[in-house]
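Student: Sequence first, predicted model second:
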Amino acid sequence: MLPGFVLRILRSNRKPPSSSSTAVSENEQRELLETITSNLPLDKSSISSTTRFLFGLLRTAIILNASEFCRDLLERKIRTQLERATLDDLLVPSYSYLNETLYDVDLVERILAHFLDTLEQSNTAVVEADGKSPSLMLVGKLIDGFLAEIASDANLKSDKFYNLAISLPDQARLYDDGLYRAVDVYLKAHPWVSEAEREKICGVMDCQKLTLEACTHAAQNERLPLRAVVQVLFFEQLQLRQCSLALF
């Protein structure tokens, strides 16, 4: 389960086994993993391909049932790399029977919370002239992609979807098209949700931040509650009017 080079390190430090088996026990893998984790630096530039490496260690830590301290340490190390992560990195399967969803949504929530806390406390975050943080916007796009991926999971509760969607600040999204896509996928996969739940889920979007293309699609979307459609139509007409004025 551990990366090959890690296993080679372990075997090189062990005495020759008394039996013909050279398999590394699960306890040995767990101990090695926890040792490696505790010695990893937090500097994001210190290890090449750090993001994929850290997510690989985290998945292994979950499978091996490593200590809570080890897993928490890996999650906190990943926070400094989150803008470099890919969607595949975030799609960590739910290995525990306590999680009903296919992917571990709680894990992503915790990592995102660590990232946002670090961003808020850091005085070195790069901010452009318009006040936007490139790293925050990259993470925003990443989380919207994650939301769209997990939205089709029949076991994903509406509150879980809602809480993750609103956890990002407004500055994380230039447009809400990605968020609208995730909402649309969720409503399509969960036709049984109540009208109140549908309105709450649609409330994660800012209709003013939808592009004209997204507005046109949403205005004809029968899955959206009436209130959301009315808002979309209003801002669609507003954008069309502004486009018309710009032509003259």
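Tutor: Now that the structure is in, tell me what you want to look at. Values in this document were obtained by computation on a predicted structure and should not be read as measured data.
Student: For Ala61, which non-adjacent residue is closest in space?
Tutor: Arg71 (5.0 Å; C-beta to C-beta, 6 or more residues apart in numbering). The way it works is simple: take the backbone N, C-alpha and C, and place the C-beta from them, glycine included.
Student: what is the mean pLDDT for the helix or strand harbouring that neighbour?
Tutor: Assigned by DSSP states H and E, Arg71 belongs to helix 68-78. Confidence over helix 68-78 (mean pLDDT, whole number) is 93.
Student: which helices and strands sit right next to the following helix or strand past it?
Tutor: Of the helices and strands lying after helix 68-78 in sequence (DSSP H and E), the nearest is helix 87-90. Judged by 3 or more C-beta pairs under 8 Å, 6 or more residues apart in numbering; DSSP states H and E, helix 87-90 is in contact with helix 50-63, helix 134-150.
Student: who's in contact with the longest one?
Tutor: Applying C-beta atoms under 8 Å, 6 or more residues apart in numbering, the contact partners of helix 134-150 are 82-83, 85-87, 90-91, 101-103, 105, 108, 112, 115, 119, 125-126, 128, 156, 161, 164-165, 167-169, 171-174, 178-179, 181-182, 185-186.
Student: which ones among the residues you listed are found in helices?
Tutor: 87, 90, 105, 108, 112, 115, 119, 161, 164-165, 178-179, 181-182, 185-186 (DSSP state H).
Student: Which one of the helices and strands packed on helix 87-90 has the poorest average confidence?
Tutor: helix 50-63 has the lowest average pLDDT among the helices and strands packed on helix 87-90, namely a mean of 91.
Student: From the contact counts, what lies against that helix?
Tutor: helix 26-38, helix 68-78, helix 87-90.
Student: Could you dump those helices into CSV and include mean neighbour count?
Tutor: As requested, the helices and strands packed on helix 50-63 are exported to CSV (neighbours: other C-beta atoms under 10 Å):
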stretch, mean neighbour count
helix 26-38, 16
helix 68-78, 18
helix 87-90, 17
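Student: Can you redo these as CSV, where the extra columns are distance to Pro225?
Tutor: As requested, those are arranged in CSV below (distance: least, C-beta to C-beta, whole Å):
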stretch, distance to Pro225
helix 26-38, 46
helix 68-78, 36
helix 87-90, 28
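Student: nearest to Val230, of these?
Tutor: helix 87-90 (32.9 Å; C-beta to C-beta).
Student: can you list contacts of that closest one?
Tutor: Residues contacting helix 87-90 (C-beta under 8 Å, 6+ apart): 51-52, 55, 103, 108, 142, 145-146, 149.
Student: If we use 7 Å, what do you get?
Tutor: 51-52, 55, 108, 142, 145-146, 149 (C-beta atoms under 7 Å, 6 or more residues apart in numbering).
Student: Looks like Leu82 contacts Ile111 (just checking).
Tutor: Yes - contact criterion C-beta atoms under 7 Å: Leu82 and Ile111 qualify, at 6.4 Å.
Student: Buried by neighbour count, from the contacts of helix 134-150: which ones?
Tutor: 82-83, 85, 90-91, 101-103, 105, 108, 112, 115, 119, 156, 161, 164-165, 168, 172-173, 178-179, 181-182, 185-186 (16 or more other C-beta atoms under 10 Å).
Student: Low-confidence regions, the protein specifically.
Tutor: Per-residue confidence for the chain (pLDDT under 70) gives these ranges: 1-24, 41-49, 122-131, 243-248.
Student: and Pro93, how many neighbours does it have?
Tutor: 13 (other C-beta atoms under 10 Å).
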